[in-house]
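Asks: Need the 3D shape of this:
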Amino acid sequence: MKLREIADYLGCELVGDGEIEITGVAGIEQAGPSELTFLANPKYAPKVRRTRAAAILVSEPVRDHPIVSLVSRNPYLDFARALELFYRPPQPAPGIHPLAWIAPSARIGENSYVGPFAVIEEDVVIGRNARIYPHVVIYRGARIGDDFCAHSHAVVREFCRIGHRVTLGNGVVVGGDGFGFAHRADGTHYKIVQSGITVIEDDVEIQSLCSIDRATVGETRIQRGAKIDSLVQVGHACVVGENALLCAQVGLAGSTVLERNVVMAGQSGAAGHLTIHAGAVVYAQAGVGGDVPAGAAVAGSPAFDAAQWRRAVTAFPKLPELLRTVRELKKRVEELEKILAGSGAQPTRGE
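Replies: Residues are numbered from 1 along each chain as shown. Sure thing, here's the model as predicted:
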C-alpha cells in the first residue's frame, strides 16, 4: 500500500516521498524498511535516529533524520487506525454449528455465528451480528444487543443485560454471585441469595478472566464505553462509570462507585462503599479506603495525594540513615545532660 494512500486515509500531512510501498506497521525498534512506525511520547525521540522504518507517524515532522513523516494530531490513535489496514482478526462465517445447543425459546438475530459446544439457554434474546465462540454459556433470560462478541469460555449468567457492541474476552464471567454471607452465632456462614443482576452498557470491552459480580439486590452496572483489562474483579452492586479504564488485577469491593473517566492502574483496589469521582487517577497498587475527589491523583496504601506520595517514597530509602542520625544525636544529648548534671550547671536557653 502506498504511503500517500495511508496518509489520505488517516487525514495526515505527508512530508516526504508518498510513493513508498508500506507492507505493515510496527514499533519504533522493531519496524523494518518497508514498515510504518509511530512516535507518541517525546522521551522516545532519540530512538527515531536508530529506527529502520520507512516512515513515522509524529506530531511534528522529523527534521534531523532521513525518514518520511506523517504528521498527525494524535499519532498513537492514527497508528491504531493504520494497523487495521494491514490486520483484522479472522471473522467466522455466520451460522450455527451443529454441536451448539440452543434452547427452543432462545432468539438469535440475523447474521450471527454460534460455535461448537456453545450453550444458549431458555428465553435468551441476542441481537444481530453476534459472534459466540466455542464453549460460551449464556444462562436463562439474558438479554444481549447487536454486535455482541463472546470469546471461548465466557459466561453470561441468568437475567443479565448487555448492550450493543460489547466484547467479552476468554473466561469472562458476567453476573457471577457476589461475595455475600451472613455470620451465624456458631461461626459458620449463611449464603445470601444474590438476587440482583449485572448490566453492561454499550461499547464496553471486558478482557480475559474478569469477574463482574451480580448484585445482592438491585444491579451491578458497567456504563457505556468502559474498558476493563484482564484479571479484574468488580464486586456486587458496583458502578463503573462511562469511559472508565480498569487495568489488570484491579479489585473493587462491593458498592464501589467509579464516575466517568476514572483510571485505575494495575493492582489497585477500592475498599467498597465509596466513590471515586470523575476523572480521578488511582496509581498502580494503590489502596483506596475513602472517597477520591474529581480530577485527583492518588497513590500508596492507604491512598493519598500522588504528589505527596512521590515525596514520601523518595524519603523512604533514607529512613534508616535518618534513624541512625537521630539515635546518635539522642545519645550525645544524653551524654551532655550527664556532664551538666555532674557539674551542677544548668543548661541555658538554646543549649
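Asks: drop to CA atoms for contacts and neighbour counts, all remaining ones
Replies: Will do.
Asks: Where is the longest helix in this structure?
Replies: The helix that spans the most residues within the chain, counting by DSSP state H, is helix 319-343.
Asks: chain center to that helix: distance?
Replies: Between the mean C-alpha location of helix 319-343 and the chain-wide mean there is a distance of 52 Å, by C-alpha atoms, centre = their mean, to the nearest Å.
Asks: Who are the packing partners of that helix?
Replies: Using 3 or more C-alpha pairs under 8 Å, 6 or more residues apart in numbering; DSSP states H and E as the contact criterion, no helix or strand is in contact with helix 319-343.
Asks: in the stretch 1-150 of the chain, which spans are helices?
Replies: For the stretch 1-150 of the chain, the helices defined by DSSP state H, counting those that start in this stretch occupy 3-10, 75-86.
Asks: what residues does the first one touch?
Replies: Contacts with helix 3-10, where a contact means C-alpha atoms under 8 Å, 6 or more residues apart in numbering, come from 13-14, 17-22, 70, 78, 81-82.
Asks: give the contact list for L336.
Replies: L336 is in contact with no residue at all, counting by C-alpha under 8 Å, 6+ apart.
Asks: how much space between it and L329?
Replies: In this structure, L336 lies at 10 Å from L329, with C-alpha to C-alpha, to the nearest Å as the measure.
Asks: on that earlier part again, can you redo the helices of the stretch 1-150 of the chain as JSON lines with mean pLDDT, mean neighbour count and distance to Y133?
Replies: Putting the helices of the stretch 1-150 of the chain into JSON lines (pLDDT from 0 to 100; neighbours: other C-alpha atoms under 10 Å; distance: least, C-alpha to C-alpha, whole Å) gives the following:
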{"stretch": "helix 3-10", "mean pLDDT": "95", "mean neighbour count": "18", "distance to Y133": "32"}
{"stretch": "helix 75-86", "mean pLDDT": "94", "mean neighbour count": "17", "distance to Y133": "22"}
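Asks: So which of those is nearest I197?
Replies: Taking C-alpha to C-alpha, helix 75-86 is the member of those nearest to I197, at 34.7 Å.
Asks: looking at this, V174 is in a strand?
Replies: Yes - when DSSP: H, G, I helix; E, B strand; the rest coil is applied, V174 is found to be in a strand.
Asks: I figured it hits R157, correct?
Replies: Yes - contact criterion C-alpha atoms under 8 Å: V174 and R157 qualify, at 6.1 Å.
Asks: which of the two has more neighbours?
Replies: Set side by side, V174 and R157 show more neighbours around V174, with 28 against 22, by other C-alpha atoms under 10 Å.
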